[in-house]
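Trainee: What follows is a protein structure lacking sequence information:
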């Protein structure tokens with residue numbers, strides 16, 4: 001666990017961040033349940049769409065690199081990659097930089113599925129955006145990104 005300061009009195013900002021964490025977790029659980037229904041998340045919780053997105057936006061990557069970027073156990077990504085390869089959504093290719101750690105890349109079928117799920121998610125986002133203020137949405141996104149980046153730095157610092 002990351003080192004944190006001990007707070008003697010209630011801090012309204014800390015409570016607000018805590019509430020944001022709780023709401024983000026609840027949203028994540030809802031998104032996972034929806035993803036399991038629409039096929040973007042495996043029945044055991046693997047992020048099929050997320051892995052395809054990483055490969056589409058960042059190019060072919062090794063399983064260890066994908067695991068570090070999340071951060072999750074390498075075995076979790078390996079299981080997901082093996083399952084997806086069995087479905088013909090991704091393939092392992094030779095890695096010129098490393099003989100044993102092969103690269104993972106999407107197949108044409110995987111690219112098509114990624115586009116289809118992304119279209120479905122964007123349609124859902126369109127529906128959810130109705131009646132919401134654009135600037136508030138941008139501020140919310142910025143706040144969550146900033147907290148995520150701060151936590152990533154904390155994790156990296158604690159691992160060093």
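Mentor: Nice, thanks for sending it over. In this text, all values refer to a predicted model and were calculated from it rather than measured experimentally.
Trainee: Contacts only, for the residue nearest to the spatial centre of the chain.
Mentor: Centroid-nearest residue in the chain, with C-alpha atoms, centre = their mean: residue 50, separated by 5.4 Å. Neighbouring residues of residue 50 by C-beta atoms under 8 Å, 6 or more residues apart in numbering: residue 40. Any C-beta I mention is one placed from the backbone N, CA and C, and that applies to glycine too.
Trainee: what mean pLDDT does the helix or strand encompassing it have?
Mentor: Assigned by DSSP states H and E, residue 50 falls within helix 48-58. Helix 48-58 carries an average pLDDT of 93.
Trainee: Mind checking what helix or strand follows that helix in sequence?
Mentor: strand 61-62.
Trainee: tell me which strands and helices the helix or strand just after that next one is in contact with?
Mentor: Later in the chain than strand 61-62, the nearest helix or strand by DSSP H and E is helix 63-69. Other helices and strands packing on helix 63-69, by 3 or more C-beta pairs under 8 Å, 6 or more residues apart in numbering; DSSP states H and E, are helix 48-58, helix 74-86, strand 98-106.
Trainee: go again using 6 Å as the cut-off
Mentor: helix 74-86 (3 or more C-beta pairs under 6 Å, 6 or more residues apart in numbering; DSSP states H and E).
Trainee: where's the helix it packs on relative to the chain centroid, distance-wise?
Mentor: 15 Å (C-alpha atoms, centre = their mean, to the nearest Å).
Trainee: which residues sit against that helix?
Mentor: By C-beta atoms under 6 Å, 6 or more residues apart in numbering, the residues outside helix 74-86 that reach it are 46, 51, 63, 64, 66, 67, 90, 104.
Trainee: now do 7 Å
Mentor: 42, 46, 48, 51, 63-64, 66-67, 90-92, 104, 110 (C-beta atoms under 7 Å, 6 or more residues apart in numbering).
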